[in-house]
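A.B. asks: turn this into a structure:
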Amino acid sequence: MSLRHLAVLGLLLALGWASADASGTPASDRSTAESTVVTPLRTLRSTTVAELRESFMAWVAPARCDADGNVFLLLVPPLGPRGSSGPTTPPRDAETRRVLRISADGGDASYLDPARLAAFEDVDQVTTGSIALDPQGALFLLAWVPERGSFGRYASRQYVVSFDWWGRYRSRVALDPEEIAAGALEIFGSGEVLLLGHHTGWDAERIAVLHPGGRLRDVIGLPLEETAQRVASQRVKYVARAASGRIYFASADLTSVHVIDAVGHSRPAFDLAPMPGTQRLVGLSAAGPRLAATYFEKTPETEAATGGGRYSVAVYDLKRGERAAVYGPIHGSPLCYAYAESEDRFTVLQDGNRLAVLGPSKGPTRFQACGHDWASRD
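C.D. replies: Numbers count the residues shown, from 1 in each chain. Reported below is the predicted structural model:
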């Protein structure tokens, strides 16, 4: 090959590299659903959680897990009459309250009831709508509190309430009711709070960032006259904070993943590879350099075999944007995802009161986890 040909080849390679780097979008997995290889999981550890069967009525997804493997669930009591709800009212199950914390070893279950906090001692009802953990494992929750407005009517006020690592009340920040009615939250690595909800003035998706000091800065607030296609393209479905501190979320059509930082800049990250069968995306979680996409499938066949549906998890390499593995079927609700010793591990709630840690069938059986005392305090 001549020097001229080598020069041309080098130029083409350089242009290709620059183009790929400028796009900021890693290449996605080209696997088809038919060619997907599913790796089975085996139980590394299983523990029955004391008293959980009697107190565990239901929980609002997603669960939250800290770096030590402790699990946080938002409990709701048995469903009663369902009233109306809208962008400025709390969830229909208005009795949602307590946060359940299960220790990593499954040996302890403790509760935090926001209604017992001194910060809410002057109100009759507190509704917890969503929970999140910061990188240090401190708990944040989104609380709705009914307040009397003009003409004797009641309206709901929203607060972001935070606790320290030990579960003790730390702060309460009121959200501007004219700006956002939030339905979920996630915490950036730098401490800002990502709020997902609606604009209270019109029925449009809104994404906002709440600074640690309480100042609300709007990121996306599309007015009603925007086309439905553009609104759908901006909608956030599921969120997960990566080790980088940035937050990844699924697009409204559940076919791609995007990343957003604490100043509100978002960009496409990678496409989700097809999954076999009729599985649908139900959640995202991140650990180390990986992102886990959880899928659920319920068909007459799975219902006959398991009495319900079953889960699968597709794990992606965040740097390359490629699918690294698919695990399943998983019987039980996946709660936590961890990546330790170059192995994917999942904490699953089985039969309503059994906490199991699962790992690839070829992986080691050892699983280290240490819990810390955590209890609700008034």
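A.B. asks: so where do the helices sit in the stretch 1-150 of the chain?
C.D. replies: Per DSSP state H, counting those that start in this stretch, the stretch 1-150 of the chain carries helices over the ranges 3-23, 52-55.
A.B. asks: lowest mean pLDDT across those helices, which one is that?
C.D. replies: Between the helices of the stretch 1-150 of the chain, the lowest average pLDDT goes to helix 3-23, which shows a mean of 37.
A.B. asks: average pLDDT for stretch 348-365, rounded please.
C.D. replies: In the prediction, stretch 348-365 has an average pLDDT of 78.
A.B. asks: hey, C-alpha coordinates of that stretch in PDB?
C.D. replies: What follows is stretch 348-365, C-alpha atoms only, in PDB (Å, rounded to 0.1, in the frame of the first residue of the first chain):
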ATOM      1  CA  VAL A 348     -35.800 -10.000  44.700                       C
ATOM      2  CA  LEU A 349     -38.800 -10.100  46.900                       C
ATOM      3  CA  GLN A 350     -40.400 -13.500  46.600                       C
ATOM      4  CA  ASP A 351     -43.800 -14.700  48.100                       C
ATOM      5  CA  GLY A 352     -44.400 -11.400  49.800                       C
ATOM      6  CA  ASN A 353     -41.900 -11.900  52.600                       C
ATOM      7  CA  ARG A 354     -38.700 -13.600  51.300                       C
ATOM      8  CA  LEU A 355     -35.700 -11.500  50.300                       C
ATOM      9  CA  ALA A 356     -33.400 -13.400  47.900                       C
ATOM     10  CA  VAL A 357     -30.200 -12.300  46.300                       C
ATOM     11  CA  LEU A 358     -29.700 -13.800  42.800                       C
ATOM     12  CA  GLY A 359     -26.600 -14.100  40.600                       C
ATOM     13  CA  PRO A 360     -25.600 -15.600  37.300                       C
ATOM     14  CA  SER A 361     -25.500 -19.400  37.400                       C
ATOM     15  CA  LYS A 362     -21.800 -19.400  36.600                       C
ATOM     16  CA  GLY A 363     -20.900 -16.800  39.200                       C
ATOM     17  CA  PRO A 364     -19.500 -17.200  42.700                       C
ATOM     18  CA  THR A 365     -21.800 -17.900  45.600                       C
END
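A.B. asks: so which bits of that stretch are buried?
C.D. replies: 348, 349, 350, 353, 354, 355, 356, 357, 358, 359, 360, 363 (16 or more other CB atoms under 10 Å). C-betas here are computed from N, CA, C, even on glycine.
A.B. asks: now do stretch 295-315
C.D. replies: 295, 296, 297, 302, 309, 310, 311, 312, 313, 314, 315.
A.B. asks: among the buried residues of stretch 348-365, which lie within strands?
C.D. replies: 348, 349, 350, 354, 355, 356, 357, 358, 359, 360 (DSSP state E).
A.B. asks: out of these, which is nearest to residue 33?
C.D. replies: The nearest member of these to residue 33, counting by CB to CB, is residue 360 at 20.8 Å.
A.B. asks: show me the contacts for that closest one.
C.D. replies: 39, 40, 41, 42, 325, 327, 343, 344 (CB atoms under 8 Å, 6 or more residues apart in numbering).
A.B. asks: any idea how far it is from residue 159?
C.D. replies: 42 Å (CB to CB, to the nearest Å).
A.B. asks: likewise residue 166?
C.D. replies: Applying CB to CB to residue 166 and residue 159 gives a distance of 21 Å.
A.B. asks: what does residue 247 give?
C.D. replies: 21 Å.
A.B. asks: higher neighbour count, those two?
C.D. replies: Between residue 247 and residue 159, counting by other CB atoms under 10 Å, residue 247 is the more crowded of the two (24 against 19).
A.B. asks: hang on, isn't that one packed against residue 186?
C.D. replies: Yes. Under the criterion of CB atoms under 8 Å, residue 247 makes contact with residue 186 at 5.5 Å.
A.B. asks: so what sits against both of these two?
C.D. replies: 194, 239, 240, 241.
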